[in-house]
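> Fold the following for me, if possible:
(chains A and B)
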2 protein chains.
Amino acid sequence: MSVEPSLSALPEPGEAFERRLRALLRSDVEFIQLIEDDLIAAGGKRIRPRLALLASRALGGVPHEMELALAVELLHSATLLHDDLVDDAETRRGREAAFRKYGNAVSVLSGDYLLSRVLFLLAETGRIELVHLFAEAARQLAEGEVLQFQAAAYQEYSEAQYYRIIESKTAALMRAATEGAALLGRAPETLRMALVTYGREYGMAFQMRDDYLDLMGASERLGKPVGGDVREGKVTLITLWLLDAEPERVGKVLLRRGREPDDVAFLRELAVRTGVAERVVEVIGERIRRALAALEVLPGSEAKSALEGLALAELERLQ
Amino acid sequence: MSVEPSLSALPEPGEAFERRLRALLRSDVEFIQLIEDDLIAAGGKRIRPRLALLASRALGGVPHEMELALAVELLHSATLLHDDLVDDAETRRGREAAFRKYGNAVSVLSGDYLLSRVLFLLAETGRIELVHLFAEAARQLAEGEVLQFQAAAYQEYSEAQYYRIIESKTAALMRAATEGAALLGRAPETLRMALVTYGREYGMAFQMRDDYLDLMGASERLGKPVGGDVREGKVTLITLWLLDAEPERVGKVLLRRGREPDDVAFLRELAVRTGVAERVVEVIGERIRRALAALEVLPGSEAKSALEGLALAELERLQ
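Down below sits the predicted model:
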């Protein structure tokens, strides 16, 4: 499969988006503002708003596309704040002691502040169907995150469980971004279903690629050491299949959460030697193909090409 | 002021409410279900849904009153889950170790699950204005909770700050319960404003009474030791005024968070001796009078009498 659009050429949500985001996050409560400033400074890839805006434009533009783009980003950001509780002992980005003391509670409540802004944005669209769509995405998001903790706590793993987790915690919101555009544009059913499929399949591929690189990537490109999921007790498709291939040795490594110095290197080597790595790349490629195929019913446009480019870039990242 | 309706005679939201609540909280993710079961078992006074249902009935009944009642209760419950993070070391109601390990994150994400149900309920009403109303209430709720932590961290206290905190963290949602009924019933402006005032003033009085009893109540009626707020570094109206009366001695007690054995007894005695306790009871009475006066424009009904009874019961609790 030839890969044309380079990652850097993909359109950003842009300055209007960033400006609206800053305005939405403004609070005269200093502790909230400190957290939201961090969030804005951290930036992020803005992948969900990009999906929302591209889907909107692929439909020829829809009312309130910006509110949709902001809402998906803020729902994602709130989840990050809620998912990432730190030990009270741990220092958090050099905050002063006064803040650190209440750090976790303040982070969580600042996440709730973001969620109140999501509600506001949904109300601004005037479309109650969008509230329903977000209710379902938010439910899946919460269930997916908790299911991931539960699976790690019980060491209860299966392929079905893995797919349910990534569909809930990642694909559901990406689907809401693209389906939301169809809903706001009152698109015909065929186009709505195309965007549902694209959002879901792209979302699945996105998370599977992320999980794959967590073990198989180069740490300098990841910007963090490889094997993070193994150390957190998260089992992904690649470790599930490695467990099938060599139950005893891999089981031991996963149980001790890759604590021995050569554990991660062993898993990487085994994944290449058994062909498991290649098979995972293949199933990701299959998801990408489904995402691309879904787009075929849409008329040609720059936005459609950019959606294709986004999907292909996931494959590019696997090289 | 004569107090007639006894607390126990006030109507409960009832079995239909509890049944809908259980159905809404059902999740096939076990860790979520564990937390929601706790929440249902804990019960609670259901004060916010009661306000919503009574306001609805005082207007002669409004569409979707049950969805409103459930939404205010779930938004409140989510805040409780988000506000009450425990130390990882601390055991939490005898949970098994597997759960405890992720206890905080799972509690927070289960709170998010509740919020997704709030979104669903709002969507079910079909009224986008209600989404706006809840967006504002949720924003105030988050800001009020964070402001309370911030005030404790900076030891930055004032009467204005106190009133802002209780209006945001308590009165805003109670107001949403009563104003929401007016909105669902498309009540005329005078009745809507009456319910806005009642909800806000009742909410202020409710929190002020709670804060007053935290210091001045009887521990056997409270079900916990008195002086909890002092130990948490929360300054309330009564301690603010005590600080005015005896800056040096009271300042020391508050700074050391009532750690010495006689600190709380000293504050209680001082509050009686200086008349500060009595003055606080008076300002709460003033709020209650405003809440009752607001109701005058509503036609007579059992529900109206029950709203009056709720307000008067706050005064009764102060005796």
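> which residues in the stretch 151-300 of chain A form helices?
Assignment of helices within the stretch 151-300 of chain A using DSSP state H, counting those that start in this stretch yields the ranges A:159-166, A:172-184, A:189-216, A:219-222, A:228-231, A:237-245, A:247-255, A:263-273, A:276-294.
> Kindly report the same for the stretch 1-150 of chain A.
For the stretch 1-150 of chain A, the helices defined by DSSP H, counting those that start in this stretch occupy A:15-25, A:30-42, A:47-58, A:65-83, A:97-101, A:103-125, A:128-154.
> With mean neighbour count, distance to A:Lys234 and mean pLDDT as extra columns, can I get these in a markdown table?
Yep, even glycine has a C-beta here, placed from its N, CA and C like the rest. Compiled in a markdown table, the helices of the stretch 1-150 of chain A are given as follows (neighbours: other C-beta atoms under 10 Å in any protein chain shown; distance: least, C-beta to C-beta, whole Å; pLDDT from 0 to 100):
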| stretch | mean neighbour count | distance to A:Lys234 | mean pLDDT |
| --- | --- | --- | --- |
| helix A:15-25 | 15 | 30 | 91 |
| helix A:30-42 | 17 | 22 | 83 |
| helix A:47-58 | 27 | 21 | 97 |
| helix A:65-83 | 24 | 12 | 94 |
| helix A:97-101 | 15 | 27 | 51 |
| helix A:103-125 | 25 | 21 | 92 |
| helix A:128-154 | 22 | 6 | 93 |
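> can you list the ones you listed in TSV and add distance to B:Gly199?
Shown next, in TSV, are the helices of the stretch 1-150 of chain A (distance: least, C-beta to C-beta, whole Å):
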stretch	distance to B:Gly199
helix A:15-25	27
helix A:30-42	24
helix A:47-58	36
helix A:65-83	27
helix A:97-101	33
helix A:103-125	18
helix A:128-154	23
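> Those: which one's closest to B:Ala177?
Among the helices of the stretch 1-150 of chain A, helix A:103-125 comes nearest to B:Ala177, with 16.2 Å by C-beta to C-beta.
> For A:Gly227, what are phi and psi?
Main-chain torsions, A:Gly227, degrees, to the nearest 10: phi 90, psi 10.
> list the contacts for it?
A:Gly227 makes contacts with A:214-215, A:258, A:263-264, A:267, as judged by C-beta atoms under 8 Å, 6 or more residues apart in numbering or on different chains.
> Please work out which of the helices of the stretch 151-300 of chain A is packed deepest.
A comparison of these by mean neighbour count, using mean count of other C-beta atoms under 10 Å in any protein chain shown, puts helix A:172-184 on top with a mean of 27.
> Output the contacting helices and strands for that helix.
Applying 3 or more C-beta pairs under 8 Å, 6 or more residues apart in numbering or on different chains; DSSP states H and E, we find helix A:172-184 packed against helix A:47-58, helix A:65-83, helix A:128-154, helix A:189-216.
> Could you quantify the relative orientation of it and helix A:47-58 as an angle?
Angle between the axes of helix A:172-184 and helix A:47-58 is 30 degrees (criterion: axes from the mean of the first three to the mean of the last three C-alpha atoms, to 10 degrees).
> Helix A:172-184: how far from the chain's middle?
Remark: helix A:172-184 is offset 14 Å from the chain centroid, using C-alpha atoms, centre = their mean, to the nearest Å.
> Near chain B, which residues of the stretch 151-300 of chain A? Just list them.
A:152-154 (C-beta under 8 Å from any C-beta of the partner chain).
> which one of those sits closest to B:Glu246?
A:Ala153 (51.8 Å).
> tell me, which of the helices of the stretch 151-300 of chain A is the model least confident about?
Lowest mean pLDDT within the helices of the stretch 151-300 of chain A: helix A:219-222, at a mean of 86.
> got the contact list for the closest residue in space to A:Glu167 that isn't next to it in sequence?
With sequence-adjacent residues excluded and distances taken as C-beta to C-beta, 6 or more residues apart in numbering or on different chains, A:Glu167 is closest to A:Met204, at 6.4 Å. When contacts are counted by C-beta under 8 Å, 6+ apart, A:Met204 touches A:163, A:166-167, A:170-171, A:287.
> Could you do A:Ala71 as well?
By C-beta under 8 Å, 6+ apart, the contact set of A:Ala71 is A:118, A:121-122, A:134, A:180.
> wouldn't A:Lys131 be in contact with B:Val131 here?
Careful, residue A:131 is Val; it's not Lys. Yes: between A:Val131 and B:Val131 there is a contact under C-beta atoms under 8 Å: 5.8 Å.
> Pull up the overlap in contacts between these two.
A:122-123, B:122.
> from the residues you listed, which is closest to A:Gln319?
Closest approach between the shared contacts of A:Val131 and B:Val131 and A:Gln319, by C-beta to C-beta: A:Leu122, at 39.0 Å.
> So the closest one sits against A:Leu130, correct?
Yes: A:Leu122 lies in contact with A:Leu130 (C-beta under 8 Å); the separation is 5.6 Å.
> Could you report the separation of A:Leu292 from chain B?
31 Å (C-beta to the nearest C-beta, to the nearest Å).
> my bad, A:Leu85
For A:Leu85, the distance to chain B (C-beta to the nearest C-beta) stands at 5 Å.
> what pLDDT does that residue get?
At A:Leu85, the model reports a pLDDT of 71.
> can you redo the contacts of A:Gly227 as CSV with distance to A:Lys304?
Formatted as CSV, these follow (distance: C-beta to C-beta, whole Å):
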residue, distance to A:Lys304
A:Asp214, 31
A:Leu215, 33
A:Gly258, 42
A:Asp263, 44
A:Val264, 40
A:Leu267, 39
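> between these, which is nearest A:Glu159?
A:Leu215 (16.4 Å).
> Spatially nearest residue to the closest one, not counting backbone neighbours?
A:Ile238 (5.6 Å).
> which residues touch A:Leu24?
A:Leu24 touches A:70, A:74, A:117, A:120-121, counting by C-beta under 8 Å, 6+ apart.
> ok, and of those, which contact chain B?
Answer for the contacts of A:Leu24 near chain B (C-beta under 8 Å from any C-beta): A:117, A:120.
> What distance do you get for the residue nearest to A:Leu215 to chain B?
In this view, A:Ile238 and chain B are 23 Å apart by C-beta to the nearest C-beta.
> Same question for A:Ser301.
A:Ser301 is 30 Å from chain B, where distance means C-beta to the nearest C-beta.
> Could you give the backbone dihedrals for that residue?
phi -170, psi 160.
> likewise the one 4 residues further on?
Note on A:Ser305: its backbone torsions stand at phi -60, psi -40 [degrees, to the nearest 10].
> okay, now it: neighbour count?
Look at A:Ser305: counted by other C-beta atoms under 10 Å in any protein chain shown, it has 15 neighbours.
> what sits against A:Leu240?
Contacts of A:Leu240 (C-beta under 8 Å, 6+ apart): A:157-159, A:162.
> out of those residues, what pair is the most spread apart?
A:Tyr157 and A:Glu159 (8.5 Å).
> Format the CA atom coordinates belonging to stretch A:123-139 as PDB.
Output of stretch A:123-139 as PDB, limited to C-alpha atoms (Å, rounded to 0.1, in the frame of the first residue of the first chain):
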ATOM      1  CA  ALA A 123     -26.400  22.900  24.400                       C
ATOM      2  CA  GLU A 124     -25.000  25.500  22.000                       C
ATOM      3  CA  THR A 125     -25.600  23.200  19.000                       C
ATOM      4  CA  GLY A 126     -29.300  23.200  19.900                       C
ATOM      5  CA  ARG A 127     -29.400  19.500  18.900                       C
ATOM      6  CA  ILE A 128     -30.700  17.100  21.500                       C
ATOM      7  CA  GLU A 129     -29.600  14.100  19.400                       C
ATOM      8  CA  LEU A 130     -26.000  15.200  19.800                       C
ATOM      9  CA  VAL A 131     -26.600  15.000  23.600                       C
ATOM     10  CA  HIS A 132     -27.700  11.400  23.200                       C
ATOM     11  CA  LEU A 133     -24.700  10.600  21.100                       C
ATOM     12  CA  PHE A 134     -22.300  12.100  23.700                       C
ATOM     13  CA  ALA A 135     -24.200  10.300  26.500                       C
ATOM     14  CA  GLU A 136     -23.400   7.000  24.900                       C
ATOM     15  CA  ALA A 137     -19.800   7.900  24.000                       C
ATOM     16  CA  ALA A 138     -19.200   9.100  27.600                       C
ATOM     17  CA  ARG A 139     -20.700   5.900  29.000                       C
END
